[in-house]
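**Q** no sequence on this one, just coordinates:
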Ligand code: M6R
């Protein structure tokens, strides 16, 4: 959460910072600010509440600039959405931006008597005060001393008075990348803000003091030894991080799904059979495990639920899906016989990262299904399956979820073949079916106008329910999360058979229920449950396979997915759900890409 950008170089910095903040805005958009070092060494700070646009408009009327500066777009944690709480924060000779949470900020205030000098309610300003108190003219010594006292997660981008030609950075957990280019040095919370200037970058290692100058970047460990970073190369271009004709990013990203899935599966097929050798995953990595333990948050966790429904019945080993924020504080019953699969688009979600570390402590090997290359989760896992979806900017995850599902299909097919459950030919057929889902998604996207009609009832509703059984239940959960996060309509997903144990009391005339019946083995049971809500006045949108024969009067609207095999209905079904959420949000006039109170990468607990 929160986005940081910093630049030192020959170009004017103000526009570089503002442009970078626009790219990073999906990480937080409560308020934004920049600090620019003038040619005389003085620091000019500007802040505005609201989106980066407000800061841009404000700054366009002001005559200041320089060649060194830092900027921040905020997702509020400590303290409300106010100008005072907006970064950068200045205390004495220190001006800084921060991403993360300083957990012991209260005890620092008390121990150092900072109460009277703070103007904001933020933990960040407390850290700035501590850096300032520890600063005796040597920034590196100050950073070493200060981080010893700080507890929590942080990425700091700091300007010290008297060192006007450089920016310092230190981080723990919270992400930060940097790049030294022919036209100066940059750092940012993620690549989207850097790629316009360079394809080569490095992830700033934790507990490393990084110093950006206009022509190079120095790194030192906490003992003062020089650190050489691993230089990485971006494999997507700026265009992927732009809207390319679509207005909200979310619609663009929904439409990118067929291509993203293709990019995910094609390079992993050898003669039509999954193969993870090029990913550096040993051929026998899945052979002897007795259980799978999925750890993830939000949409990624729901992808894990689909993974469970795909893997368990075929491979016949238990797949436990864990909410990462619970798992990290639990007593997991896992060991080296368990493979932990952590799933994350950003690769930076702090609870998922903590879950990964916990699983390792228990002796479990960890496989990460991650989108962002070089992210912390990718680096700390034993094996990584990059999902290759390209940058995803909208806060609501769409294409990253589809490629997570595709990865679970590949794993399932691979395990089945390695364990002799499927022959090579059967595995090939399994993958062909996966490949056909790409066309089915395209079909849904080509026929999306019908979904626009479906949302008329939803967009005026207070509540909406999603019901299904088996795999359909797993999709329901993602559909419900998507709707509530971007349309602010209360939405819940229920196993269809569970409704009559309480929730059906909430069904009354006109309440929208999105009901799934794509699974043949429970088709009749699902239809009975749908009848139960219909009989109580629900407005039912039914989703089935294309050749399903549905009873008369069972629904108010019928949507279909062109798939024959139960196991593969997920990807096109989810495209329908994403479009339902998207059109509902649009029809309510909401900000689809930046829903309130949320941020893309959740790097705080
Ligand atoms: O980056 P991650 O996949 O680890 O993020 C996990 C969740 O924060 C994320 O899926 C969240 O639920 C999305 N906003 C859903 O659209």
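**A** Nice, I can see it. Predicted model, so just to flag it, every value in this text is computed and none were measured.
**Q** so what's the residue in the stretch 151-300 of the chain positioned nearest to the ligand closest to, chain neighbours aside?
**A** Nearest residue of the stretch 151-300 of the chain to the ligand: residue 298, at 2.0 Å (CB to the nearest ligand atom). Quick note: C-beta positions are derived from backbone N, CA and C, even for glycine. Leaving aside its chain neighbours, residue 298 sits nearest to residue 481 (6.6 Å; criterion: CB to CB, 6 or more residues apart in numbering).
**Q** check contacts around that neighbour.
**A** 298-299, 302, 491 (CB atoms under 8 Å, 6 or more residues apart in numbering).
**Q** among the residues you listed, which one has the most neighbours?
**A** residue 302 (28 neighbours; other CB atoms under 10 Å).
**Q** so which of the contacts of residue 481 are in helices?
**A** Using DSSP state H, the subset of the contacts of residue 481 located in helices is 298-299, 302.
**Q** number of nearby residues for the nearest residue to residue 104 once chain neighbours are set aside?
**A** Counting by CB to CB, 6+ apart, residue 104 lies nearest to residue 151, which is 4.2 Å off, once chain neighbours are set aside. Residue 151 has 14 neighbours, counted by other CB under 10 Å.
**Q** now do residue 448
**A** Neighbours of residue 448 using other CB under 10 Å come to 16.
**Q** how long is stretch 141-161 from one end to the other?
**A** Stretch 141-161 stretches 15 Å from its first residue to its last (CA to CA, to the nearest Å).
**Q** off-centre distance for it?
**A** 26 Å (CA atoms, centre = their mean, to the nearest Å).
**Q** for the record, mean pLDDT for it?
**A** Mean pLDDT, computed over stretch 141-161, is 96.
**Q** check stretch 26-40 too.
**A** Here the average pLDDT along stretch 26-40 is 92.
**Q** got phi/psi on the residue nearest to residue 202 when sequence neighbours are not counted?
**A** Spatially, and ignoring its direct neighbours in sequence, residue 202 is nearest to residue 229 (3.7 Å; CB to CB, 6+ apart). When read as degrees, to the nearest 10, the backbone of residue 229 gives phi -80, psi 160.
**Q** which bits of the protein sit near the ligand?
**A** 297-300, 344-346, 349, 352, 395-397, 481, 485, 598, 601-602 (CB under 6 Å from any ligand atom).
**Q** go again using 5 Å as the cut-off
**A** 297-300, 344-346, 349, 396-397, 602 (CB under 5 Å from any ligand atom).
**Q** from the residues you listed, which has minimum pLDDT?
**A** Among the residues of the chain next to the ligand, residue 602 has the lowest pLDDT, at 85.
**Q** return the distance of residue 81 relative to the ligand.
**A** 19 Å (CB to the nearest ligand atom, to the nearest Å).
**Q** hang on, that residue packs against residue 31?
**A** Yes. Using CB atoms under 8 Å, residue 81 is in contact with residue 31, at 5.9 Å.
**Q** who's more crowded, these two?
**A** The neighbour comparison of residue 81 against residue 31 (other CB under 10 Å) goes to residue 31, with 26 against 14.
**Q** please tell me how far the more buried one sits from the ligand.
**A** Residue 31 is 20 Å from the ligand, by CB to the nearest ligand atom.
**Q** separation between that residue and residue 51?
**A** Counting by CB to CB, to the nearest Å, the separation of residue 31 from residue 51 is 9 Å.
**Q** kindly report the same for residue 286.
**A** Residue 286 is 45 Å from residue 51, by CB to CB.
**Q** looking at those two, which is more packed in?
**A** With neighbours defined as other CB under 10 Å, residue 286 and residue 51 compare such that residue 286 has more, 23 against 19.
**Q** give me the element that one is part of.
**A** Residue 286 is part of no helix or strand when elements are defined by DSSP states H and E.
**Q** name the nearest residue to it, ignoring sequence neighbours.
**A** Spatial nearest neighbour of residue 286, chain neighbours left out: residue 415 (4.8 Å); criterion: CB to CB, 6+ apart.
**Q** would the one you found count as being in a strand?
**A** No. Applying DSSP: H, G, I helix; E, B strand; the rest coil, one finds residue 415 to be helix, outside a strand.
**Q** circling back: so what sits against both of residue 81 and residue 31?
**A** 49, 74.
**Q** so who does the residue nearest to residue 104 touch?
**A** By CB under 8 Å, 6+ apart, the neighbours of residue 151 are 102-104.
**Q** repeat for residue 416
**A** Residue 416 makes contact with 314-315, 422, 426-427, 430, according to CB under 8 Å, 6+ apart.
**Q** same thing with residue 456?
**A** Neighbour list for residue 456: residue 587 [criterion: CB under 8 Å, 6+ apart].
**Q** so is it in a helix, a strand, or just coil?
**A** Per three-state DSSP, the secondary structure class of residue 456 is helix.
**Q** same deal with residue 83?
**A** Residue 83 ends up coil, using three-state DSSP.
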